[in-house]
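A.B. asks: what would the 3D arrangement of this be:
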Amino acid sequence: MVKTMKVLVLSVGGNNEALVHSIQTHKPELVIFYASHVTIKDIGQVVDEAQQSNLQYEMRTIIVDDPNDLAHCYTKILDVEKEIAKVNAAPEDVVVDYTGGTKTMSAALVLATVARGYRYSCTESSDGSIVSADQEYEVIRNIKNPWLVYAVEEKRKLSQAFNNYNYAFAYSIAEESGGLLDESQREFYKHLSVIIDGYWKWDLFNHKEALKLLHKGGRGVQSLFPYVKNDIPGLEEFFKSYLNNREWLTKTCEITNKFNDLSEEMAVDLLSNAERRAEQGKYNDAIARLYRVVEMIGQIAFEKCFGVKTSAVPPDIIRDTNLRKEFINKEMDKGDKELKLGLKATYRTLISVKNDVGMKYQTNFNEFRSIMKARNLSILAHGTNSLDKDTFDRFNEWLSNTFNIHARITMPKLFLS
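C.D. replies: Reported below is the predicted structural model:
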């Protein structure tokens, strides 16, 4: 395991004695002085006095040109961040002391570092105010990083990403934020990130892994539920929706032989996934999924009707002689003994035996053919066009009207604060 360095960041200017005391108290291995051209001369005095305690530490100095320009001071803090990164310091091993310097320098120092998970420190005078140049220091106050307690902006981003089905981004935020939050919240976010990972895997059709993660994360969140539910508005509703999702996925797992067989539930899942892509404005992806739903519905009906999969059809099963001959000539590779039927061939076979699903397809075939003209010209089919919301809505409505299939899976919404 790589050893990290204890770092103290000191804003310089004002009461040098307070800065010396900060070094003596925190006993850093690296001190980064953050000073202006006016206060750089104070660093030597601070170092000389601190050495009387026989402390050994490395030093770096970052100079600001205009100590009253907030934007400039902020950019200089980025140089401080680079120095910290060089020594591989863990966030909890970094103390930022904003006692010295101008108010602008102190504000920039806190503003630029608050989301890093560092600890804060300042030196107070006897009246409880931050010590000034002409006051004697009284006490060093170690201050809890407010970001670790609230992380408001990160939680907002996480919620927004999750609610927009951007599960990969939500997961990365939860992982990164969870490691920096204080202990009271860290455990909750660790389990929540597992649930988010589960939804991410589900969205990628990795159903087995998704179910495993949803169970694992759910157990952890449920164990902490009594302690956090009052602090997170909507958590109860989120968890209720999560449980419904998990139950649905568990049932689908059983019906489909651990997601190895097709079923109506798998078609509904794919349709729901298509609608999520459409909500994101990804209409090309969404329509590609709707096409697969049509194909899947036909495959399910075919297997129920004939007892075989469309990927391995003995020719003798095709009762219509002319259809069988046509398929043998067009759908069977040389040397094969079984047919591999695509979407059109599947539905033509179903229609030939007046199967209910096939007949519904035939009834609304003209509209389907019209939609397919647009789809076939798309970048994900055979052309270069980009598909739009109108085409998706039209296709989705056709599916609903033809097969009475609807997206019944509603993903939960997350509202963290």
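A.B. asks: could you list the low-confidence segments of the stretch 301-417 of the chain?
C.D. replies: Within the stretch 301-417 of the chain, the stretches falling below the threshold (pLDDT under 70) are 417.
A.B. asks: roughly how far is stretch 189-203 from the heart of the chain?
C.D. replies: Taking C-alpha atoms, centre = their mean, to the nearest Å, one finds stretch 189-203 lying 8 Å from the centre of the chain it belongs to.
A.B. asks: CA-only coordinates of that stretch in CSV, if you can.
C.D. replies: The C-alpha coordinates for stretch 189-203 follow below in CSV (Å, rounded to 0.1, in the frame of the first residue of the first chain):
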residue,chain,number,x,y,z
TYR,A,189,-23.7,5.8,-0.5
LYS,A,190,-21.7,2.6,-0.8
HIS,A,191,-24.8,0.5,-0.9
LEU,A,192,-26.7,3.1,-3.1
SER,A,193,-23.9,2.9,-5.6
VAL,A,194,-24.4,-0.9,-5.9
ILE,A,195,-28.1,-0.4,-6.6
ILE,A,196,-27.2,2.2,-9.3
ASP,A,197,-24.7,-0.2,-10.8
GLY,A,198,-27.5,-2.7,-10.9
TYR,A,199,-29.7,-0.4,-12.9
TRP,A,200,-26.8,0.4,-15.2
LYS,A,201,-26.3,-3.3,-15.9
TRP,A,202,-30.1,-3.7,-16.4
ASP,A,203,-30.0,-0.9,-19.0
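A.B. asks: now it: mean pLDDT?
C.D. replies: For stretch 189-203, mean pLDDT is 96.
A.B. asks: who's in contact with that stretch?
C.D. replies: 162, 165, 167-168, 170-171, 174-175, 177-178, 181, 207, 209-214, 216-221, 223-224, 242, 249, 273, 276, 411 (C-beta atoms under 8 Å, 6 or more residues apart in numbering). (Glycine included, C-beta is placed from N, CA and C.)
A.B. asks: again, 6 Å this time
C.D. replies: Contact with stretch 189-203 is made by 167-168, 170-171, 174-175, 178, 209-210, 213-214, 216-217, 220-221, as judged by C-beta atoms under 6 Å, 6 or more residues apart in numbering.
A.B. asks: from those, which land in helices?
C.D. replies: Among the contacts of stretch 189-203, the members found in helices (DSSP state H) are 167-168, 170-171, 174-175, 178, 209-210, 213-214, 216-217, 220-221.
A.B. asks: got the buried residues for the helix or strand harbouring residue 159?
C.D. replies: In the assignment (DSSP states H and E), residue 159 maps to helix 152-163. In terms of neighbour count (16 or more other C-beta atoms under 10 Å), helix 152-163 has its buried residues at 154, 155, 157, 158, 159, 160, 161, 162.
A.B. asks: now do stretch 402-417
C.D. replies: Within stretch 402-417, the residues scored as buried using 16+ other C-beta under 10 Å are 402, 403, 405, 407, 409, 411, 412, 414, 415, 416.
A.B. asks: just the buried residues out of the ones in helices among the contacts of stretch 189-203, in ChimeraX syntax.
C.D. replies: A single ChimeraX command suffices to select whichever of the ones in helices among the contacts of stretch 189-203 are buried according to 16+ other C-beta under 10 Å:
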select :167,170,171,174,178,210,213,214,217,220,221
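A.B. asks: quick one: which of the ones in helices among the contacts of stretch 189-203 has the lowest pLDDT value?
C.D. replies: Within the ones in helices among the contacts of stretch 189-203, lowest confidence goes to residue 178 (69).
A.B. asks: spatially central, which residue of this structure would that be?
C.D. replies: residue 170 (1.9 Å; C-alpha atoms, centre = their mean).
A.B. asks: pretty sure that residue sits against residue 158.
C.D. replies: Yes. Contact criterion C-beta atoms under 6 Å: residue 170 and residue 158 qualify, at 5.5 Å.
A.B. asks: now, the most widely separated pair of the buried residues of helix 152-163?
C.D. replies: Greatest spatial distance among those (C-beta to C-beta): 154 and 162, at 12.4 Å.
A.B. asks: pull the longest helix from the protein.
C.D. replies: helix 283-306.
A.B. asks: flag every buried residue along that one.
C.D. replies: 283-302, 305-306.
A.B. asks: okay, now stretch 330-345: how far is its last residue from its first?
C.D. replies: The first and final residues of stretch 330-345 sit 10 Å from each other (C-alpha to C-alpha, to the nearest Å).
A.B. asks: quick one: residue 203 from residue 380, how far?
C.D. replies: Distance of residue 203 to residue 380, given as C-beta to C-beta, to the nearest Å: 18 Å.
A.B. asks: any low-confidence regions in the stretch 151-300 of the chain?
C.D. replies: 151, 178-182, 184.
A.B. asks: and the residue sitting furthest away from the middle of the chain, how far from residue 328?
C.D. replies: Largest separation from the mean C-alpha position in the chain: residue 321, at 54.2 Å (C-alpha atoms, centre = their mean). Look at residue 321 and residue 328: by C-beta to C-beta, they are 11 Å apart.
A.B. asks: and what of residue 288?
C.D. replies: 30 Å.
A.B. asks: can you tell me the closest non-neighbouring residue to residue 389?
C.D. replies: Residue nearest to residue 389 in three dimensions, not counting chain neighbours: residue 283, with 6.0 Å by C-beta to C-beta, 6 or more residues apart in numbering.
A.B. asks: for the closest residue to residue 234 other than its chain neighbours, phi and psi?
C.D. replies: Sequence neighbours aside, residue 415 is the residue nearest to residue 234 in space, at 4.1 Å (criterion: C-beta to C-beta, 6+ apart). The phi and psi values for residue 415, taken as degrees, to the nearest 10, are phi -130, psi 100.
A.B. asks: how does the protein divide into domains?
C.D. replies: If you go by automatic domain parsing, the domain ranges for the chain are 7-149, 152-255, 264-403.
A.B. asks: which residues of this protein fall in strands?
C.D. replies: When assigned using DSSP state E, the strands of the chain occupy the ranges 7-11, 30-36, 58-64, 94-97, 119-124, 139-143.
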